[in-house]
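**Student:** Here is a sequence with its predicted model. Questions after.
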Amino acid sequence: MKTELSPRAKVLVYGTMCVLLIPFVFPTWWMVTSSFKPVSDIFAFPPQLIPRSFDFTTYGQVFTLQPFAKQYWNSAYIAAVVTAGTMGISSMAGYAFARIRFPFANAIFMVVLLGLLIPSEVTIVPLFQLFLKLGMVNTHWPLILVPIFGAPSVFATFVMRQFFISLPVELEEAARVDGLSRFKIFTRIALPLARPALASVAIFTFLHSWNLYLEPIVFLSSADKFTLPQALTQFTDAYGGPMWNIQLAAATLTALPVLIVFIIAQKHFVEGLAHTGLKG
Amino acid sequence: MAEVTLTNTRKAYGNVNVIHGVDLDIEDGQFVVLVGPSGCGKSTLLRMVAGLETITGGEISIGGKVVNNLDPKDRDIAMVFQNYALYPHMTVATNMGFSLEHRGGSKSEIAERVHWAAGILGLTPLLDRYPRQLSGGQRQRVAMGRAIVRSPQVFLFDEPLSNLDAKLRVVMRGEIKALHEKLKTTMIYVTHDQIEAMTMADKIVVLNGGRIEQAGTPLELYDRPANQFVAGFIGSPAMNFIPGKIRAEGLVTSDVVIPLPRSAQEHVGQDVVLGVRPEHLVAEESGIATLVTLVEPMGHETQISMMLGQTLIHGLFRERLPLRPGSIFHVRLTTDKLHIFSAADGHRLM
């Protein structure tokens, strides 16, 4: 039952929310506004919340100092492939763990979940050696294969399994009576109903891939193969110092698609979190 | 249409036997209701016929063909589930035509069959809606529509009315019965509601603990229950049971003697349980004195709870009796309507 708040309580609640908003909104605001400022204004005290002048040339320099458009494309297509691959694999694996009875299913699922407990820093050296032997270093393959078969996919499998478990068994039984094979039940019944969970998996995976930092710096060495998080570190002057305003302009461009995706899909994102039984 | 035969059908989960060698013959076009208390195995048995549960032993045949190892889709059956199991992402029309689509039906054939089924069930105006936009009764009808659309040999219903309110249940009961009259297809219907069983079935199968207690027409079961379990399960309010010993003068229970038919003399000296239905008690001054504990007037009849000796019994009377708790009420038990069961194992003696 919803209860109507008194005006005083409303002021208190909204006031508290506004205060809590500051640590989340300020860094983004500072990043976006500073990308238009000259370097001298970025560290001015007191801080300038609104720039005195807007210098748009920083955005032009982002594309001249680095092959930024190429790097943007690298990040975008890698994230898209990883997202599609993870959605495919995790939905099938999640369905299998939720619905197909096979020996040691729970034990195997536990072993799969253990993958989440191993930090990527622990596996990065053996992975590097593996990809070196496969001749895939300084290619995008490690950035695609590691997330699809690694921790992000394990998490996605967990999300999908939790969703499929909650799907009424009778729907599948009705489909069996209607004449569908197991695979058809998955594609025609289970998967279309799993859209909220798939959307959250897509967002999680896209964000993870888009923000991936450790793997690119280990596996990639050519600027034209870099992804965005790695490219951001390359905006330095002749002495290795950061070119703050240009770096922040690049950071703004990097964050933009993520913000847009999140704003569009935040409803699915929250629904997806609810299906996992996890809290954000 | 087809007959369904179960021969020594068994089901076990690990070491736990849930169906113990059930033998059952269902005739072509018959409406058979499997009824019994929760956990008696009725739904399991239905699912075994559907092929949704494997069978541990025995044989199930549909239309003379053994189907033990056939998938549900190859058994030519249709099933209506307790919670309808409509596909939420499909419209009513798509839900109904889905099975035909997967069996290679042409678009025109599917549309024709869907409209035929929708016409029978009054669903034509709802064909473009999604299940979430329908009421409980409409969903129930769509579930039935999905079942009838491809004219299977056998319909299976798994407690299809249990999610509906009492009034709608009565309406839908009539609709399913009318559907059976129209289609004349074999139907197997599971319920725990004995009123549903009595009103709908050509044949009732009473299950208990994974075994058939009795199978027969509703009135056979009502008039001549094979044992105390069936006698207590069929009929509402339930049959009264009065334990006692048969003497030459009748059944002696506490200090009361209840007159019995002459044929009861062959059981003299035996401990028995006397069964009498509430409507077979007659208010009569010369009858046995009972102590009234509760009077429940229902308008068309009055239900009276009373102590006969040490046993609480219930009576249904058409007359409006001026009784109150604590009153002494004289009743006669209609002698030719009495049932006598063995006190040892509950089977019917007469």
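**Tutor:** Yes, it's here.

**Student:** Find the centremost residue of the chain, please.
**Tutor:** Unless you meant another one, I'm taking chain A. A:Leu207 (1.3 Å; CA atoms, centre = their mean).

**Student:** wrong chain, I was asking about chain B
**Tutor:** Judging by CA atoms, centre = their mean, chain B has its centre closest to B:Ala197, at 3.0 Å.

**Student:** burial count for the closest residue to A:Asp237 other than its chain neighbours?
**Tutor:** Leaving aside its chain neighbours, A:Asp237 sits nearest to A:Met243 (5.6 Å; criterion: CB to CB, 6 or more residues apart in numbering or on different chains). The way it works is simple: take the backbone N, C-alpha and C, and place the C-beta from them, glycine included. By other CB atoms under 10 Å in any protein chain shown, 18 other residues sit near A:Met243.

**Student:** Also B:Arg146?
**Tutor:** As a burial measure, B:Arg146 scores 29 neighbours (other CB under 10 Å).

**Student:** re earlier: which residues sit in contact with the residue nearest to the centre of chain B?
**Tutor:** B:33, B:35, B:191, B:204, B:218, B:234 (CB atoms under 8 Å, 6 or more residues apart in numbering or on different chains).

**Student:** List the ones among those that fall in helices.
**Tutor:** Judged by DSSP state H, those include B:Pro218 as members of helices.

**Student:** Which one of the contacts of B:Ala197 is nearest to chain A?
**Tutor:** Distances from chain A to the contacts of B:Ala197, taken as CB to the nearest CB, are shortest for B:Thr191 (16.9 Å).

**Student:** how many other residues sit next to the closest one?
**Tutor:** The number of residues near B:Thr191, taken as other CB under 10 Å, comes to 24.

**Student:** before we move on, what about B:Met79?
**Tutor:** A count of nearby residues for B:Met79, using other CB under 10 Å, gives 30.

**Student:** Also A:Gly115?
**Tutor:** Here the count is done by other CB under 10 Å, and A:Gly115 has 16 residues near it.

**Student:** Report the separation between it and A:Thr157.
**Tutor:** When CB to CB, to the nearest Å is applied, the distance between A:Gly115 and A:Thr157 equals 9 Å.

**Student:** next one: A:Phe24
**Tutor:** Counting by CB to CB, the gap from A:Phe24 to A:Thr157 is 30 Å.

**Student:** quick revisit: buried only: go through the contacts of B:Ala197 for me.
**Tutor:** B:33, B:35, B:191, B:204, B:218, B:234 (16 or more other CB atoms under 10 Å in any protein chain shown).

**Student:** I'd like a version of those in JSON lines, one that adds pLDDT as further columns.
**Tutor:** JSON lines is the format used below for the buried ones among the contacts of B:Ala197 (pLDDT from 0 to 100):
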{"residue": "B:Val33", "pLDDT": "97"}
{"residue": "B:Val35", "pLDDT": "95"}
{"residue": "B:Thr191", "pLDDT": "94"}
{"residue": "B:Ile204", "pLDDT": "96"}
{"residue": "B:Pro218", "pLDDT": "96"}
{"residue": "B:Ile234", "pLDDT": "93"}
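
**Student:** Just list whatever residues bridge to the closest residue to B:His339 other than its chain neighbours.
**Tutor:** In this structure, B:His339 finds its nearest non-sequential neighbour in B:Gly275, 3.6 Å apart by CB to CB, 6+ apart. With DSSP bridges as the criterion, B:Gly275 is bridged to B:Phe241, B:His339.

**Student:** Give me the neighbour count for B:Gly275.
**Tutor:** 22.

**Student:** And A:Met31, by the same measure?
**Tutor:** By the criterion of other CB under 10 Å, A:Met31 has 16 neighbours.

**Student:** before we move on, back to that, if you count what's nearby, which of A:Phe24 and A:Thr157 comes out ahead?
**Tutor:** A:Thr157 (27 against 8).

**Student:** pretty sure that one contacts A:Tyr95?
**Tutor:** No - with contact defined as CB atoms under 8 Å, A:Thr157 does not count as touching A:Tyr95 (9.6 Å).

**Student:** now the one helix or strand in chain A whose mean pLDDT sits lowest, how far from the chain's geometric center?
**Tutor:** Here the helix or strand of chain A ranked lowest by mean pLDDT, DSSP states H and E is helix A:244-276, holding a mean of 79. Helix A:244-276 sits 8 Å away from the centroid of its parent chain (CA atoms, centre = their mean, to the nearest Å).

**Student:** Point me to the residue of the stretch 101-250 of chain B nearest chain A.
**Tutor:** With CB to the nearest CB, the shortest gap between the stretch 101-250 of chain B and chain A falls at B:His102, namely 4.4 Å.

**Student:** Skip the chain neighbours and tell me the closest residue to that residue.
**Tutor:** Once flanking residues are discounted, B:His102 sits nearest to A:Gly179: 4.4 Å by CB to CB, 6+ apart.

**Student:** In chain B, where's the longest helix?
**Tutor:** Max-length helix for chain B by DSSP H is helix B:166-183.

**Student:** For that helix, enumerate the helices and strands it packs against.
**Tutor:** Applying 3 or more CB pairs under 8 Å, 6 or more residues apart in numbering or on different chains; DSSP states H and E, one finds that helix B:166-183 contacts helix B:107-121, helix B:136-148, strand B:186-191, helix B:194-200.
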